[in-house]
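>>> any chance you could fold what I've pasted below:
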Amino acid sequence: MEKPPAHYRQLADDLRTGIVNGLYPPGTVLPRIADLAEEYGISKQTAREAIAVLEAEGLVEVVRRRGTVVRSLPQRRRLSRVRQVLRDERGYYFDPAAQPWVALCRPTIAWAPPPRDLCAVLDLAPDAEVLVRDRLMGSPDDRRPTQLATSYLPAAVARGTRLAQADTGPGGIYDVLERELGYGPLAWHETITSRMPTPEESAALHVPKGTPLLRIIRITTGPDGSVVEVNDTRMRADEFEIGYPITRHPTAQWAGDRPADPTV
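Numbering: from 1, shown residues only. Just a heads-up that it's a prediction; the model follows:
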């Protein structure tokens, strides 16, 4: 015999259904904890646990002096990874949708160890010092932060060069690497993953509680295959999705394009 759901889960399920079905539209304040507890015959703590479930799912946020407010989810925007690097007057870029974005403040520069999960990619020891370049990106129109982009460059590549300056000039760090430091032609490889944000990332990108980040790790290599930069780009997963075209391999040609089989 199936066990009935815990009281807090039943309440969370009912409230979730109301949110999804429009009973509680975005901006609506849910019933008070005391009222929910009385209606369902449960304790206030159990009602709070139900609200915590919805908060962790990103459906609501608890606002001081207002109560539990149904979140207004942003319109999802697609970033199309065309599997090409493009260029304009500002330098290389990797996503046509993000091309208009600009740095919203001056990049921060520091020398520090890289994140542990990137040490192996950089082929460096965990205590090795790298140049860390942090940029907060967004639209020049509304100045709303949309992306955190952090570059990690080995000290052997960056120390004593313009890479350590906040303003690296037209073309950015990739032009410095290729044209000044002799690492051209550069090549790139990307991995897309996700994780929960740090408190600092949540503050910078205004990430609601319970919302993960999309994370694009782009590895930059020189002609000999050595890693000269790793870029870690983070954006809100409730606002962005990654798309890319799928093309036919020669083995998957459409029948109308294939020559007739002479044995048939």
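
>>> and the helices in this protein, which stretches?
7-20, 33-40, 44-56, 116-122, 155-158, 172-175, 199-205 (DSSP state H).

>>> of those, flag the one that's most buried.
When the helices of the chain are scored by mean count of other CB atoms under 10 Å, the highest mean neighbour count falls to helix 172-175 (a mean of 22). Just so you know, the C-beta spots here come from the backbone N, C-alpha and C atoms, and that holds for glycine as well.

>>> which helices and strands does that helix pack with?
strand 91-93 (3 or more CB pairs under 8 Å, 6 or more residues apart in numbering; DSSP states H and E).

>>> in terms of secondary structure, what does the strand it packs on contact?
So strand 91-93, by 3+ CB pairs under 8 Å, 6+ apart, packs with strand 86-88, helix 172-175.

>>> next, the buried residues of it.
Residues 91-93 are the ones in strand 91-93 that count as buried (16 or more other CB atoms under 10 Å).

>>> tell me which of the residues you listed is nearest to A166?
Nearest to A166 among these: G91, at 15.6 Å, using CB to CB.

>>> so how far is T211 from R9?
Plainly put, R9 is 21 Å away from T211 if you go by CB to CB, to the nearest Å.

>>> can you check K44 too?
Here the criterion is CB to CB. By it, K44 lies 26 Å from T211.

>>> before we move on, back to that, of the helices of the chain, give the one that comes closest to L86.
Between those, helix 172-175 lies closest to L86; by CB to CB that is 12.1 Å.

>>> identify the residues contacting the closest one?
Contacts to helix 172-175, defined as CB atoms under 8 Å, 6 or more residues apart in numbering, come from residues 90-92, 133, 151, 153, 163, 168-169, 186, 220, 229.

>>> what bits of the stretch 51-200 of the chain have low per-residue confidence?
Within the stretch 51-200 of the chain, the stretches with pLDDT under 70 are 76, 78-83, 96-99.
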